[in-house]
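**Q** Pasted the sequence and its predicted model underneath.
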Amino acid sequence: MKRKLLIRDVTLRDGQQSLFATRMTQQQVERVLPLFKEAGFYAMEVWGGAVPDSVMRYLNEDPWHRLESIKAAIGDSSKLTALSRGRNLFGYNPYPEEVIEGFNKNAVKSGISIMRIFDALNDTDNIRSTVKYVKENGGMADCTVCYTVDPKFSAKERIKAQFGGKPLPKKIFTEKYYIAKAKELEAMGADMITLKDMAGLVTPQASAKIISSLKREVKVPIDFHTHCTPGYGLASTLVAIVNGVDIVDTAIWNFAGGPAAPAFELIQIFCDKLGIETGINLNAVNSINVELKQIRAELKGVDTYPLPAEFSIINQNLPARIDNLFEKAILFAQAGKYKALVESCQELEKYFNFPAPDENVKHAEIPGGMYTNMLAQLKQLKLEQLLPRVLEIIPSVRLDAGCPPLVTPTSQIVGAQAVNCAIDESKGVPFYTNKSIQYVNLVKGIYGKTPQPVDPEFRMKIAGVKDETPYNTANYKKQPNPLFPEYGDNVKLAETEKEELLLELFPTVAEKYLKDKVVAMHEANRQKRIEEERQAILVEKRKYDSMTEQEKLQRLLDGLENYFC
């Protein structure tokens, strides 16, 4: 009996978010849904992440309608997946229980089968309540362990630490660390565990160690998620498959590679050669890819990456050299020859014209988005020359804050503070003279427990308190939901529970979106009434025009009689 590998397609969420800033319109999404229904992926990631914010902010569309329309089209042919940040949902600060419960209840009710839950600090307590509410409402809890790497200190800093400087930590993010987190989540009720590598930093070596250990130590299915930014994605996914992973995340060809996930088609070829069954309708995938190429052309204003070479998974016609590269990659993965494996996979991606590895990200060992955000911050201040120093400062800034994983949003918090510290240094003032409120809150303990305890003296210096201070949701204030009396009694900004949740989760963006919706709806109603009145007048005019002169005279007399009476 053939081994079965489940595929989670991330094209409509992670794929378009990574490559095109989540700009697919409702109409573009709907064009591919009938084909996705035929494809039969185990799961499709279609919501959460940046989708709810972006469809309101840039497309003036309803996020709940986006999800419900996908569910209506896909039915039960694939499980729909969303991504959220546990207690933080889509923001920075934790939300009170009623907001977490309301969001997850409505997400499952609107079509989500699997909620993928992560926490930027890998603080499992921040995931607990979401697991509870997802499962209570009939959904599956996909609990995530976020992959990151240990701080990369320079030789100068290591020498300094040996001669009386601040001691550097031992390795934190080891194989044992990930297994321990996975076991905590399994005990909490996780239906599956995902090793989620949002930055694409997991090497084939790390993939082999962690996935094989997870398969030995954890009973629930294991999913592997990575990106191709620094050039490891395809190789590390193949290694995960060889080491028994249950599910892998892929994107369809024209929405894959570079900062996105590995291409499904390349994984399918590997599976064919390994004798592994995916159960996917390849004809449907090919048709989806043809449509995605057209959609990508329509998104050219936000597309900065090269288009992959033309390729059909149902009519491969691979040159012997390329076919041999697939075979070699498999042998290297099985033999643990990881350097040769990476080279083979990168040669395959080069042949198919996927984006080249980002060497800056690879060398710095930080997420691509963190790197570009720091560079943009410095360019805005005309201080690009400070970037090398910022990269040197990141490890110490991160270590001071308890060594948080570099994933959204902690990667941006650490990156922004490293920029602040480099600017402080350039002005001849001490580090942390200029502090971001997010960094202060991270050190204070607002976002949860960090992997390493924060030095109480440093916490006092940065946040004004020595003890870890969790966020107090008792101080949470619900967003205002004003009335619009000009449109009638009890017309509110948010009319439904789902709209109220948008207002809580995305206050600024949702306020504008919902206000525009109220105004547009009442303007449409006004225009409708005007049109109805116009049509009524036309009906009366036609009746009048069809009357005889005697009937017209009688109508006039009747009108005068009614007037004087």
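**A** Here it is on my side, so go on.
**Q** buried sites along stretch 446-455?
**A** Judged by neighbour count (16 or more other C-beta atoms under 10 Å), stretch 446-455 contains these buried residues: 446-451, 454-455. Yep, even glycine has a C-beta here, placed from its N, CA and C like the rest.
**Q** Go through those and name the one nearest S18.
**A** For the buried residues of stretch 446-455, the closest approach to S18 (C-beta to C-beta) belongs to Y447, at 24.1 Å.
**Q** which SS class is the closest one?
**A** coil (DSSP: H, G, I helix; E, B strand; the rest coil).
**Q** Please save the CA atoms from the helix or strand that contains Y439 in PDB.
**A** Element membership of Y439, judged by DSSP states H and E, is helix 437-444. This file holds the C-alpha atoms of helix 437-444, laid out as PDB (Å, rounded to 0.1, in the frame of the first residue of the first chain):
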ATOM      1  CA  ILE A 437       6.400  51.200  22.900                       C
ATOM      2  CA  GLN A 438       6.300  47.700  21.400                       C
ATOM      3  CA  TYR A 439       9.800  46.900  22.700                       C
ATOM      4  CA  VAL A 440       8.900  48.300  26.100                       C
ATOM      5  CA  ASN A 441       5.800  46.100  26.200                       C
ATOM      6  CA  LEU A 442       7.800  43.000  25.100                       C
ATOM      7  CA  VAL A 443      10.400  43.500  27.800                       C
ATOM      8  CA  LYS A 444       7.600  44.300  30.400                       C
END
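**Q** could the buried residues of stretch 446-455 be laid out in TSV, adding pLDDT and distance to G86?
**A** Shown next, in TSV, are these (pLDDT from 0 to 100; distance: C-beta to C-beta, whole Å):
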residue	pLDDT	distance to G86
I446	94	14
Y447	94	11
G448	94	9
K449	95	13
T450	95	15
P451	95	16
V454	95	21
D455	94	26
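**Q** Dump the residues you listed to CSV, plus distance to I288.
**A** As requested, the buried residues of stretch 446-455 are exported to CSV (distance: C-beta to C-beta, whole Å):
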residue, distance to I288
I446, 42
Y447, 38
G448, 39
K449, 42
T450, 42
P451, 40
V454, 47
D455, 52
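**Q** buried set for the helix or strand just after the helix holding Y439?
**A** With elements assigned by DSSP H and E, the helix or strand that comes after helix 437-444 is helix 456-463. Residues of helix 456-463 classed as buried by neighbour count (16+ other C-beta under 10 Å): 458-459, 462-463.
**Q** what's the offset of the next helix or strand after helix 456-463 from the middle of its chain?
**A** Proceeding C-terminally, helix 456-463 gives way to helix 497-505 as the next helix or strand, assigned by DSSP H and E. For helix 497-505, the separation from the chain centroid amounts to 19 Å (computed by C-alpha atoms, centre = their mean, to the nearest Å).
**Q** And stretch 545-557, by the same measure?
**A** The answer for stretch 545-557 is 70 Å, by C-alpha atoms, centre = their mean.
**Q** same thing with stretch 74-81?
**A** On C-alpha atoms, centre = their mean, the centre of stretch 74-81 falls 18 Å from the chain's centre.
**Q** Compute the mean per-residue pLDDT across that stretch, please.
**A** The pLDDT scores in stretch 74-81 average 98.
**Q** try stretch 229-249
**A** On average, stretch 229-249 scores 97.
**Q** Repeat that for stretch 366-378.
**A** Computed over stretch 366-378, the average pLDDT equals 86.
**Q** so how far is that stretch off the chain centroid?
**A** Per C-alpha atoms, centre = their mean, the centroid offset for stretch 366-378 relative to its chain is 17 Å.
**Q** Run through who's touching it.
**A** Under the criterion C-beta atoms under 8 Å, 6 or more residues apart in numbering, residues 198-201, 227, 229-230, 259, 358, 360-361, 364, 384, 386-387, 390-391, 394, 406-408, 411-412, 414-416, 418-419 lie in contact with stretch 366-378.
**Q** Distance of E184 relative to N243?
**A** According to C-beta to C-beta, to the nearest Å, E184 and N243 sit 22 Å apart.
**Q** Please read the previous query as pertaining to V454.
**A** V454 is 35 Å from N243, by C-beta to C-beta.
**Q** same check, this time on I269
**A** In this view, I269 and N243 are 19 Å apart by C-beta to C-beta.
**Q** repeat for I114
**A** 23 Å.
**Q** Pick out whichever of those two has more residues nearby.
**A** I114 (25 against 20; other C-beta atoms under 10 Å).
**Q** which residues does that one contact?
**A** Contacts of I114 by C-beta under 8 Å, 6+ apart are 43, 79-82, 139-142, 191-192.
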